[in-house]
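Undergrad: any chance you could fold what I've pasted below:
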Amino acid sequence: MSSSKSYEQIWDEWRDLVNMAPQELEDWLETEESRSVGDTEDGESTGHKSGRRIVTIKRTNKDDISDDQWDHMATVVGYIKRHLSQGGPDEDVETSAWRYSLMNWGHDPLKDDWASLRQAIPAAIRAIPARRRGVAASPNIAMPSTAAPSAPMPTQTA
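TA: Numbering: from 1, shown residues only. This is a model prediction of the structure:
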């Protein structure tokens, strides 16, 4: 395998990022919109060819995935991550080439998926002011304990 990631790392990212079911992706690949995006050699774009391989991989039992398929899965994960990090258009995302390209690679950015939610939760927690979470913002500031309200405030020493 040419990726530096383990099979388990690739599998976990694949499951999080490739959010289209095999039949859904197969149906998408039959559309004109799917064929309208990507670089083309010999009449079919790289993403469109990749989509056909993704359908096959998604229909393969994990234990039966070949080394070549694991390599392609790592490529797909990398592509989706890079494309998502570029961000989509501000308007008309639903009919954008950005979305169509991602869909050719098995990821529909408009779907509600748990991977995005899992990534958003830690950022949302960090956005809550530290004192509301019971975390001292500074080592010199004492935070209330879980003791009864009438208990004296504990002091924090360095």
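
Undergrad: which residues of the protein fall in helices?
TA: Taking DSSP state H as the criterion, the chain contains helices spanning 7-17, 22-29, 32-35, 46-58, 67-86, 97-104, 114-127, 130-133.

Undergrad: okay, those, which one's buried deepest?
TA: Ranked by mean neighbour count, the helices of the chain are led by helix 97-104 with a mean of 21 (mean count of other C-beta atoms under 10 Å). All C-beta atoms are positioned from the backbone trio N, CA, C, and that covers glycine.

Undergrad: quick one: that helix to helix 67-86, angle?
TA: Taking axes from the mean of the first three to the mean of the last three C-alpha atoms, to 10 degrees, one finds helix 97-104 and helix 67-86 inclined to each other by 160 degrees.

Undergrad: please save the CA atoms from helix 97-104 in PDB.
TA: Provided in PDB are the C-alpha atoms of helix 97-104 (Å, rounded to 0.1, in the frame of the first residue of the first chain):
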ATOM      1  CA  ALA A  97     -19.300  22.200 -10.000                       C
ATOM      2  CA  TRP A  98     -17.700  22.000  -6.600                       C
ATOM      3  CA  ARG A  99     -20.600  19.800  -5.300                       C
ATOM      4  CA  TYR A 100     -20.800  17.800  -8.500                       C
ATOM      5  CA  SER A 101     -17.100  17.000  -8.400                       C
ATOM      6  CA  LEU A 102     -17.300  15.900  -4.800                       C
ATOM      7  CA  MET A 103     -20.300  13.800  -5.600                       C
ATOM      8  CA  ASN A 104     -18.300  12.000  -8.300                       C
END
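
Undergrad: packing partners for it?
TA: Helix 97-104 sits against helix 22-29, helix 32-35, helix 46-58, helix 67-86, with contacts defined as 3 or more C-beta pairs under 8 Å, 6 or more residues apart in numbering; DSSP states H and E.
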